[in-house]
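Visitor: Predicted structure and sequence below. I'll ask about it afterward.
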Amino acid sequence: MLEFDPAADIQALRATFTEIKAVVDVDALSAEIAHLSEEAGAPDLWDDVEQAQKVTSALSHRQAELKRVTEVEQRLDDLDVLVELAQEMDDEETAAEARREIVALQDTIGQLEVQTLLDGEYDDRAAVVTIRSGAGGDDATDFAEMLLRMYLRWAERHGYRTKVMDTSYAEGAGIKSATFEVDAPYAYGTLSVEAGTHRLARISPFGSADKRQTSFAAVEVIPVMEEAQEVDIPETDIRVDVFRSSGPGGQSVNTTDSAVRLTHLPTGIVVSMQNEKSQIQNRAAAMRVLQTRLLLLKKEEEAAKKKELAGVITASWGDQMRSYFLYGQQLVKDLRTGYEVGTPSAVFDGDLDGLIAAGIRWRKRKDDD
């Protein structure tokens, strides 16, 4: 006789999912999708390209959000059928399949539950992430490139669209810096807990003494904001430098000076873009990021809050938020949450969900205190 009674597990899953649906407000989300679909179907939509892109992007994000919820609901219904079938047929193979689906749903619903904690002003936006190498020489620039691959692989695992906007290669190994966009619902709220200084400890592949080397990299995350155009930046406040895009080892990757660096003179904020096809496109992309950073700064000043903005992370001893150990114990440890992963190779291959979820819960508790 088959001993298989997952009723308690399924009841717990449904209870959590019911709470998630209440927070998401499926009816309101469906109404918003209907409204955006109507706007997207307007014959004159693309007369204003910028507005059209906003509408279609918002529609895509909301549809993806609703799809995640409806797919989980369908999987819960299918699970009920699978369990009933296993019990009626007294079939261990079907029961094993049901057990696997319960574990998978626990993970999926857990991720959805974490998303309900993302209720900040900009949490539902896409994100622009910048990685900068810090102290540590070649190991630091190599570490920065490892982090870039890690985040791009994480996004790939989730089916999120990414776009590398700028890369500054080091003369030796790795990169000095890179900026990329993650276009997905709640990308900013999710990735913002990754902002800070990351520390790598390993036996350096660049030295001959086989000594342990510690290196650092800074991760900065800002939201992609529609309101960015509200920030008026006088031309006299900006220094524009145009240069030739470069590839690994300093080799030129194009024959025109299309890369653009904007320096906001009053604040010292610097934004570089080089991966678009033309100087005009690179300047427009850089201006959007600069406007976003200035808008964030303005809102912080108005609210008298002291948040950490891009550019203030030192990427050195004393302020690291996560450590990666690739010698001896083989460990990734988040110093804020205490969350640990014993398989750094999996983390560097994009398996970040546990670390990110722990960070979001930690931030929520901190904000509620």
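Guide: Everything's here; your move. Numbering: from 1, shown residues only.
Visitor: so what secondary structure elements neighbour the lowest-mean-pLDDT helix or strand in the chain?
Guide: The helix or strand of the chain with the poorest confidence is helix 279-303; it has a mean of 82 (mean pLDDT, DSSP states H and E). Counting contacts by 3 or more Cβ pairs under 8 Å, 6 or more residues apart in numbering; DSSP states H and E, helix 279-303 packs against strand 212-223, strand 238-243, strand 259-264, strand 269-273. For the C-beta atoms, the positions are set from N, CA and C on the backbone; glycine is no exception.
Visitor: Show the subsequent helix or strand relative to that helix.
Guide: strand 320-325 (DSSP states H and E).
Visitor: ok, that following strand: who's next to it in the sheet?
Guide: Partner strands and pairing direction for strand 320-325 (DSSP bridges) are strand 196-203 (parallel), strand 331-334 (antiparallel).
Visitor: Could you give the average pLDDT over it?
Guide: Across strand 320-325, pLDDT averages out at 93.
Visitor: Buried residues of the strand or helix carrying residue 150, list them for me.
Guide: For residue 150, the host element (DSSP H and E) is helix 137-157. Within helix 137-157, the residues scored as buried using 16 or more other Cβ atoms under 10 Å are 137-148, 150-155.
Visitor: any idea of the angle that helix forms with strand 320-325?
Guide: Here helix 137-157 runs at an angle of 100 degrees relative to strand 320-325 (axes from the mean of the first three to the mean of the last three Cα atoms, to 10 degrees).
Visitor: Report the angle between helix 137-157 and strand 212-223.
Guide: Using the same axes, to 10 degrees: helix 137-157 against strand 212-223 is 50 degrees.
Visitor: I'd like to know which elements helix 137-157 is packed against.
Guide: Against helix 137-157 (3+ Cβ pairs under 8 Å, 6+ apart) you get strand 127-133, strand 161-169, strand 175-183, strand 196-203, strand 212-223, helix 344-348.
Visitor: what about residue 275, which SS state?
Guide: The three-state label given to residue 275 by DSSP: H, G, I helix; E, B strand; the rest coil is coil.
Visitor: where does the stretch 101-250 of the chain dip in pLDDT?
Guide: Confidence mapping of the stretch 101-250 of the chain against pLDDT under 70 gives the ranges 208-209, 226-230, 245-250.
Visitor: do the stretch 251-369 of the chain as well
Guide: Ranges of the stretch 251-369 of the chain meeting pLDDT under 70: 251-256, 302-319, 369.
Visitor: mind running it again at 90?
Guide: Within the stretch 251-369 of the chain, the stretches with pLDDT under 90 are 251-259, 273-289, 291-320, 327-329, 364-369.
Visitor: re earlier: now tabulate the helices and strands packed on helix 279-303 in JSON lines and tack on distance to residue 11 and mean neighbour count.
Guide: Shown next, in JSON lines, are those (distance: least, Cβ to Cβ, whole Å; neighbours: other Cβ atoms under 10 Å):
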{"stretch": "strand 212-223", "distance to residue 11": "37", "mean neighbour count": "23"}
{"stretch": "strand 238-243", "distance to residue 11": "59", "mean neighbour count": "13"}
{"stretch": "strand 259-264", "distance to residue 11": "55", "mean neighbour count": "20"}
{"stretch": "strand 269-273", "distance to residue 11": "51", "mean neighbour count": "21"}
